[in-house]
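Participant: Build me a structure from this.
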Amino acid sequence: MTSTSHLIERTPALLDADPARLLRPDFRLRAMHPVDEGAGPDFYAQALAGPLLTAMPGAEERTDIALSGMFKGGHWLARSGHLAGVFLAPLFGIAATKRVAFVRFGRFDRFAGDDVVETIVLLDLPALMMQAGCWPLGPPLGQLLFAPGPASHDGTSEHVADASAASLALVEAMIGGLHKFDGGLQSMGMRQYWADDFWWFGPAPIGNFRGHADYERGHQGPFLAAFPDRVGGNHAARIAEGSYVASTGWPSITATHRGGGWLGLPPTGRTVTMRVMDFWRRDGDHLAENWVMIDIPDLLRQMGIDVFASMHAILP
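Facilitator: Modelled structure (predicted):
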């Protein structure tokens, strides 16, 4: 199989001024709202790379985790990290701060040979809104801190291939447990899969948590109360390399917004889908860290809330 480092060299950067040199005419981009979906190198340049280049010229794409693997006949490269630079011009209507900004990203690239044929990208735009002081909803449910790279400092190292099967098996067993939810958190048996002091790094409106009690209080409990019938695991890619596992779907989850309180919002009764990315690190027999990306603006749009329009109401 082609190495992860070689695949990285074959993909355009998020701020690539000339992505056409690496992308085929039939390439397809799926990205967070408000970019959404489109085809061809020109769409990549005009809808994603161009706005990022204008807003954060010279920004670095700092990768914390990189892994590759096969899923249902597709060869995938998955990465997680931050765009880091000075936020000099508005991005998708978010007011520039003229100061340093960090924007967390997750991306999956699917290859045919050496060619990228599909890219799925999520940027944590609500986090950028918060850095700019224009997030229109309530404060995060957990502490909103910088999401660091792996505590083991090996997210971009050459991974030990013979550990991959064990990592994937643990994640898939955990996902199976999630499907056993019957209204009580303990029904899923999550504590057998996660280390006691695991870290969970969520998107900006949700925040970061450590350990079972903090996670259940701040995210899992409110989320399941709001979306009790959620069905996940509809993955376009689910791969493992060494101690790392990554998955994404377009969308990954379908649910009904039945309960109130999540992000301070009343229930809408609407059926929604969620674009999600997960990156996990296994340590021994347990999951030790989980980096989670959710396209929150797209989810809120389905619930009748346009955060980009609402944002302008509180801008000076």
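
Participant: Extract the residue ranges of the chain that are flagged as low pLDDT.
Facilitator: For the chain, the stretches flagged by pLDDT under 70 are 1, 180, 182, 184-185, 188, 315-316.

Participant: Try it again at 50.
Facilitator: The model of the chain has no residue with pLDDT under 50.

Participant: Would you mind finding the longest helix in it?
Facilitator: Ranked by residue count, the top helix of the chain under DSSP state H comes out as helix 164-178.

Participant: which residues touch that one?
Facilitator: Applying CB atoms under 8 Å, 6 or more residues apart in numbering, the external contacts of helix 164-178 come out as 69, 188-190, 192-194, 232-233, 238-245, 247, 280, 282, 285-287. Placement of C-beta: from N, CA and C, glycine included.

Participant: Trp280 belongs to a helix?
Facilitator: No - counting by DSSP: H, G, I helix; E, B strand; the rest coil, Trp280 is located in no helix; its state is strand.

Participant: who's in contact with the closest residue to it other than its chain neighbours?
Facilitator: Using CB to CB, 6 or more residues apart in numbering and skipping residues adjacent in sequence, the residue nearest Trp280 is Val245, 4.6 Å away. Neighbouring residues of Val245 by CB under 8 Å, 6+ apart: Leu67, Ser167, Leu168, Leu170, Val171, Arg238, Ile239, Asp278, Phe279, Trp280, Arg282.

Participant: Distance check, the last one against Gly269.
Facilitator: Here Arg282 is placed at a distance of 38 Å from Gly269 (CB to CB, to the nearest Å).

Participant: Next: the second one.
Facilitator: Here the distance between Ser167 and Gly269 works out to 38 Å (CB to CB).

Participant: re earlier: quick one: which of Arg282 and Gly269 has more around it?
Facilitator: Of the pair Arg282 and Gly269, Arg282 is the one with more neighbours under other CB atoms under 10 Å, namely 24 against 9.

Participant: Alpha carbons of stretch 102-117, in CSV - could you do that?
Facilitator: Extracted C-alpha coordinates of stretch 102-117, given in CSV (Å, rounded to 0.1, in the frame of the first residue of the first chain):
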residue,chain,number,x,y,z
PHE,A,102,-6.3,28.7,15.2
VAL,A,103,-9.0,26.8,13.3
ARG,A,104,-9.3,23.1,13.8
PHE,A,105,-9.7,20.9,10.7
GLY,A,106,-10.4,17.3,9.9
ARG,A,107,-10.1,16.0,6.4
PHE,A,108,-10.4,12.8,4.5
ASP,A,109,-9.0,12.3,1.0
ARG,A,110,-9.9,9.3,-1.2
PHE,A,111,-7.5,8.2,-3.9
ALA,A,112,-7.6,6.4,-7.2
GLY,A,113,-3.9,5.4,-7.6
ASP,A,114,-2.0,8.6,-7.0
ASP,A,115,-5.0,10.9,-7.7
VAL,A,116,-7.3,12.5,-5.2
VAL,A,117,-10.9,11.9,-6.4
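
Participant: Quick check: bridge partners of Tyr244?
Facilitator: Here Tyr244 sits in beta bridges with Glu241, Arg281, going by DSSP bridges.

Participant: Using the three-state scheme, assign the residue nearest to His257 when sequence neighbours are not counted.
Facilitator: Take His257 and drop its neighbours on the chain: the residue closest to it by CB to CB, 6+ apart is Thr268, 4.7 Å away. Look at Thr268: counting by three-state DSSP, its state is coil.

Participant: so what's Thr268 up against?
Facilitator: Neighbours of Thr268 in contact, by CB under 8 Å, 6+ apart: His257, Met303, Gly304.

Participant: could you redo the last one with a cut-off of 10 Å?
Facilitator: Thr268 sits next to Ala226, Thr256, His257, Arg258, Gly260, Gln302, Met303, Gly304, Ile305 when contact means CB atoms under 10 Å, 6 or more residues apart in numbering.

Participant: Can you turn the buried part of those into a ChimeraX selection?
Facilitator: Restricted to buried positions by 16 or more other CB atoms under 10 Å, the ChimeraX selection for the contacts of Thr268 reads:
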select :226,256,257,303,305
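
Participant: roughly how far apart are Gly207 and Gly50?
Facilitator: On the measure of CB to CB, Gly207 and Gly50 end up 31 Å apart.

Participant: same deal with Leu287?
Facilitator: Per CB to CB, Leu287 is found 38 Å from Gly50.

Participant: Among the two, which residue is more densely surrounded?
Facilitator: Leu287 (23 against 16).
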